[in-house]
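K.L.:
sequence plus the predicted model coming up.
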Protein chains: 2
Amino acid sequence: MAEALTELARPRPGIYSRGSETVDSILKAALSVLIDEGAAAFTIRRIAAACGMKVGNVSYHFPRKEMLVQVLLDEIVTNYDVKLEMQVRQPNLSAEERLRLVIKICLDDICGKRTTRLFTELWALANHNDFIADRVRAFYGKVHEVIGEYVSAINPRLSKEEVATVALFISASMEGTTPFLGYQKPWAGDMPAITAISTEWFVRLAKSLEPGEIALMTRRLT
Amino acid sequence: MAEALTELARPRPGIYSRGSETVDSILKAALSVLIDEGAAAFTIRRIAAACGMKVGNVSYHFPRKEMLVQVLLDEIVTNYDVKLEMQVRQPNLSAEERLRLVIKICLDDICGKRTTRLFTELWALANHNDFIADRVRAFYGKVHEVIGEYVSAINPRLSKEEVATVALFISASMEGTTPFLGYQKPWAGDMPAITAISTEWFVRLAKSLEPGEIALMTRRLT
DNA sequence: ACGAAAATTTGATAAATGTCCAGTATTTGT
DNA sequence: ACAAATACTGGACATTTATCAAATTTTCGT
């Protein structure tokens, strides 16, 4: 089931302005269908219906369904990247305040319908679609970098690897709330308390971890 | 898309022993297909092929595909429940050691192909299938109970709600490793370190949290 | 070993899917 | 305003899907 990571995802089919708008409509509708109805309903016909278009036209702009998936995912990931950068790069904040902010931003975002639905679907799709797996990995790599930057600023004695591990731990812990406390999930009401614990304890972890301590703990465990 | 939570999931069609074995084969094959090929390949035909059977026979034992899904999920959840109970109820351990053990068991389990693949699929399916959402919720409810039991033993001053919140935090944090550090996931190699941090810091959280502190932190955050 | 119940095979059904193409309409540079 | 490039329509195509029913084989209490 190895996907072709090559030149499948062309820039954009549209050249005339009308075509460009149509492509936008299709992508928007495709995202809506994925979020509102799930991957099983992610069908050329449903997408066409969702943006009031004929099947043939969608097929004209995206001759292969896989193209649509790839262009859509690239757009989604880019949007998240931009949003993350914009929201996080606030001036006049200490490293600790920045880390708190990032944690709050991530958890607030997870509460939204879009993120809750989209990423649970992507995690599943990544199991058997190498392209999706690759993009999801790249996206979270950036998230880890941002978190790691602040962890490193809070605790400069930590090595690069230790910072990466702490960032991974914080990120994974936060993302884990998605299927449980995300949009309309069973424990969604507990998100404020979990956010509070997260900000407090992840900052505490970043502050108080000693260089070499992770290796020590790991060795002790096995 | 509201599912009928009623009497769809009959006990078992099989009456003759051969039929029983066939049903078992079907369920086993269905799980294999879901894990090895994903929800998109979860098809009567693929399942039939996976257990060397004719499509009509699978259809005879499970006249509706949704029946197969429901019986399969019930069996899966029951198996996990039993496994959890067995592994966790070790004698001669302190509450703290038990909590460490539960954390280690959960994270080790997440590393396996079965759990990594299965639960990412279930989280996605739960978005639009009420039956699956219900069973997944029930399962994690039990996990939280087990964790909460030990948290409560470690820190008896915490209220029931506080214990539940801490258990939810620990559980969600652990489950969050699935799409990142699970089977063949990008950061799978970091699981030992993450396990070490998890056991150490989740126990520390359970120990040191003061009654009323969660409410305080939550209020301070907003 | 007989016979009814259960299991299995075989083949068919309608519906839905991705892809394609001939023809028509629209857009855009000139 | 013209012509070429682009966009869109309508319909078709072969596959694949879940479900079903008649005919056959197997099972198992008697």
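P.N.:
Happy to help now that I have it. Quick caveat: nothing in here was measured; it's all calculated off a predicted structure. Numbering: from 1, shown residues only, chains lettered A, B, ... in the order given.
K.L.:
please enumerate the helices of chain A.
P.N.:
A:17-37, A:44-50, A:55-61, A:65-88, A:95-111, A:113-125, A:130-154, A:160-175, A:178-181, A:191-208, A:213-221 (DSSP state H).
K.L.:
distance to chain B, mean neighbour count and mean pLDDT added to the ones you listed, as CSV?
P.N.:
(Glycine included, C-beta is placed from N, CA and C.) As requested, these are exported to CSV (distance: least, CB to the nearest CB, whole Å; neighbours: other CB atoms under 10 Å in any protein chain shown; pLDDT from 0 to 100):
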stretch, distance to chain B, mean neighbour count, mean pLDDT
helix A:17-37, 6, 17, 95
helix A:44-50, 13, 18, 98
helix A:55-61, 20, 15, 97
helix A:65-88, 12, 16, 94
helix A:95-111, 7, 19, 96
helix A:113-125, 4, 22, 98
helix A:130-154, 4, 19, 97
helix A:160-175, 4, 23, 98
helix A:178-181, 4, 27, 98
helix A:191-208, 4, 21, 98
helix A:213-221, 4, 15, 95
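K.L.:
nearest to B:Glu121, of these?
P.N.:
Taking CB to CB as the criterion, B:Glu121 comes closest to helix A:113-125 out of the helices of chain A, the separation being 5.0 Å.
K.L.:
tell me who's in contact with the closest residue to chain B within chain A.
P.N.:
Distances between chain A and chain B by CB to the nearest CB are smallest at A:Gly176, namely 2.1 Å. Going by CB atoms under 8 Å, 6 or more residues apart in numbering or on different chains, A:Gly176 touches B:172-178.
K.L.:
what is the nearest of those residues to A:Glu66?
P.N.:
So of the contacts of A:Gly176, ranked by how close each gets to A:Glu66 (CB to CB), first place is B:Thr178, at 25.6 Å.
K.L.:
picking that back up, where does the residue of chain A closest to chain B land on pLDDT?
P.N.:
Looking at A:Gly176, its pLDDT is 98.
K.L.:
got the phi/psi numbers for it?
P.N.:
Here is the backbone geometry of A:Gly176 (degrees, to the nearest 10): phi -60, psi -20.
K.L.:
equivalent analysis for A:Phe62, please.
P.N.:
With angles defined as degrees, to the nearest 10, A:Phe62 shows backbone torsions of phi -130, psi 80.
K.L.:
ok, it touching A:Gln70?
P.N.:
No. Judged on CB atoms under 8 Å, A:Phe62 makes no contact with A:Gln70 at a distance of 9.5 Å.
K.L.:
quick one, domains of chain A?
P.N.:
A:10-63, A:69-221 (automatic domain parsing).
K.L.:
so the shortest one, near DNA strand C or not?
P.N.:
Yes. Figure legend: domain A:10-63 in contact with DNA strand C (CB under 7 Å from any atom of the strand); contacting residues A:16-18, A:41-46, A:55-56, A:59-60, A:63.
K.L.:
quick one: those residues as TSV, columns for distance to A:Thr218 too.
P.N.:
Shown next, in TSV, are these (distance: CB to CB, whole Å):
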residue	distance to A:Thr218
A:Tyr16	58
A:Ser17	57
A:Arg18	58
A:Ala41	44
A:Phe42	41
A:Thr43	46
A:Ile44	49
A:Arg45	51
A:Arg46	48
A:Val55	54
A:Gly56	57
A:Ser59	52
A:Tyr60	55
A:Pro63	50
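K.L.:
nearest to B:Arg204, of these?
P.N.:
Of these, the one sitting nearest to B:Arg204 (CB to CB) turns out to be A:Phe42, at 43.3 Å.
K.L.:
which residue is the nearest non-sequential neighbour of the closest one?
P.N.:
A:Leu34 (5.3 Å; CB to CB, 6 or more residues apart in numbering or on different chains).
K.L.:
look up how far A:Tyr183 lies from the one you found.
P.N.:
Distance from A:Leu34 to A:Tyr183, counting by CB to CB, to the nearest Å: 14 Å.
K.L.:
do A:Thr218 as well
P.N.:
35 Å.
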